[in-house]
Every structure is written in structure tokens, then in C-alpha cells.
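Quick one: sequence plus predicted model below, questions after.
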Amino acid sequence: MEALPKALEVEERSPESKDLLPSQTASSLCISSRSESVWTTTPRSNWEIYRKPIIIMSVGGAILLFGVVITCLAYTLTVERKILVVLKMIGPAFLSLGLMMLVCGLVWVPIIKKKQRQRQKSTFFQNLKSFFLDR
């Protein structure tokens, strides 16, 4: 009997046989998830840990400053009525958006610190448990 190419065999499978495909293991699920893997113990630098909150705070601060400048210009410049109305709407919008992003970044830092402490405690207790149970 002639052997079929692998591509044809996969396409000819019934929907029921697709359900029987091997499921993902716990390690591959953890790697593909958004959270960090518990099994990887590679040390990470502070930049890798705090990169996202720093970027969010920087962008938020820049948007906040832009909003302050636009708002100040709206109330100090003498320009056309249409431009003045637009500046008075856009300035506070950028101001509030920048403040929101800045606060989100500032709140994110203590959350990351707490997660790091919990992770350190977790690995300590896992090592302690394995020490006593492996005897």
C-alpha cells in the first residue's frame, strides 16, 4: 500500500480525531500564559522587571506636560474663537489622560514589588518543603 504524505493525512482526519490530539502539558500552558513561569528561576534585571511601569509613567508624564502647555496656551493666547474652543477642549483631555497614565504606572510599581516578595517566599517554602519531604 502506498504511503500518503503527512499533509494529506492531517487534512483527512475527522473532527472527532482532532479532539483526540494530545493536550498541552502544564509547562507549555504556563509558558504560553501571560504570567511568568513558576518553574523558570532565571534572575531578571531591574530593567526587565520595571520596564513597563517606567514606560507608562514616562509617556503619562509627557502627555500630562503637553496637556498643561495646551491648557495654559488656551487661557493666555488671544486667537480665533474656533481655535480657542478646540484648545480648551483638547488641553484638559490630554491633562487627564496623562495624569491617569502616570498614576497607573505609579500604582503598578508597588504591585510588582509585592509579587516579587511573594515569589521569593513561595520559592523559599517550596525549597523548605522539598528538603523535609525528600528525606
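Everything's here; your move.

drop to CA atoms for contacts and neighbour counts, all remaining ones
Fine.

average pLDDT for the host helix or strand of residue 82?
Using DSSP states H and E, residue 82 maps to helix 81-133. Across helix 81-133, the average pLDDT comes to 87.

List the residues that contact residue 106.
Applying C-alpha atoms under 8 Å, 6 or more residues apart in numbering to residue 106 gives the contacts 53, 57.

swap in the one 3 residues further on?
Residues near residue 109 by C-alpha under 8 Å, 6+ apart: 50, 53.

Relative to residue 98, how far out is it?
17 Å (C-alpha to C-alpha, to the nearest Å).

for residue 81, same thing?
Residue 81 is 26 Å from residue 98, by C-alpha to C-alpha.

which SS state does residue 43 fall under?
coil (DSSP: H, G, I helix; E, B strand; the rest coil).

Looking at residue 81 and residue 98, which is more packed in?
residue 98 (25 against 9; other C-alpha atoms under 10 Å).

Pretty sure the more buried one sits against residue 63.
Yes: counting by C-alpha atoms under 8 Å, residue 98 does reach residue 63; the two are 4.6 Å apart.

quick one: common contacting residues for those two?
The contact lists of residue 98 and residue 63 share no entry, where a contact means C-alpha under 8 Å, 6+ apart.

How many residues are close by residue 46?
8.

so what pLDDT did it get?
Looking at residue 46, its pLDDT stands at 80.

same check, this time on residue 2
pLDDT, residue 2: 56.

now residue 125: how far from residue 112?
Distance, residue 125 to residue 112, by C-alpha to C-alpha: 20 Å.
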